[in-house]
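> turn this into a model:
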Amino acid sequence: MDLYKYIKDVPDFPKQGVVFKDITPLLSNPEALNFATTSLLNSIENKKIDKVIGIESRGFFFAPLLARELNAGFIPVRKSGKLPSKVAQETYDLEYGTDTLEIHEDAISKGDKVLIHDDVLATGGTAEAVCKLIEKLGGEIVQCNFLLELDFLQGSKKLSNYKVTSLLHY
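Now for the predicted structure:
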């Protein structure tokens with residue numbers, strides 16, 4: 001199945017000059033959604049996964065589906081101030097400033113095998129921050145999974161210590 005035809009380019013969103021990759025056409029098509037989920041699962045190659053991390057917010061679409069199929073727990077990583085219990089934090093650089101991600105301190109146990117999922121790998125800063133959070137809590141990152149990767153931004157370079165899989169490349 002050609003998943004590229006389910007990704008819609010939205011020019012000048014969220015700001016002038018940016019071409020946003022809208023995945024909602026893929027999410028709304030049952031066959032495309034199923035094919036993408038199965039393809040992401042196949043990329044894991046039967047590795048043992050204890051927890052699947054979904055990165056706010058579009059990582060929340062596939063991460064619970066993957067967790068269910070892998071018989072693993074789903075853990076959300078959120079922006080600062082969104083989680084109700086005690087959290088671990090990681091601050092990372094953005095193009096203009098910084099941002100902070102949080103995870104519940106008790107979400108990962110030492111030695112947990114972790115799959116990280118987000119919809120898009122762009123510059124890699126967000127995923128790199130999540131990797132640091134997981135390792136800070138004692139988790140072992142098995143793989144970083146993405147629906148699509150913007151190759152020209154070279155985000156996978158920041159994740160060179162990890163297995164990175166992306167279904168689509170732009």
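> now do the contacts for the residue nearest the centre of the chain.
By Cα atoms, centre = their mean, the chain has its centre lying nearest to Asp118, at 1.7 Å. With contacts defined as Cβ atoms under 8 Å, 6 or more residues apart in numbering, Asp118 is in contact with Gly54, Ile55, Arg58, Gly59, Thr126, Ala127, Val130, Cys144, Asn145, Phe146, Leu147. Any C-beta I mention is one placed from the backbone N, CA and C, and that applies to glycine too.
> swap the cut-off to 6 Å and go again
By Cβ atoms under 6 Å, 6 or more residues apart in numbering, the residues touching Asp118 are Ile55, Gly59, Phe146.
> residues in a beta bridge with it, which ones?
Beta-bridge pairing of Asp118 under DSSP bridges involves Phe146.
> ok so, going back, which of the contacts of Asp118 has the most neighbours?
Phe146 (28 neighbours; other Cβ atoms under 10 Å).
> quick check: pLDDT value at that residue.
With respect to pLDDT, Phe146 has a value of 98.
> and it, how close does it get to Glu90?
Distance of Phe146 to Glu90, computed by Cβ to Cβ, to the nearest Å: 19 Å.
> ok, Lys79 next?
Lys79 is 11 Å from Glu90, by Cβ to Cβ.
> of these two, who's got more company?
Glu90 (19 against 13).
> and that one, which of the three is it?
For Glu90, the assignment made with DSSP: H, G, I helix; E, B strand; the rest coil gives strand.
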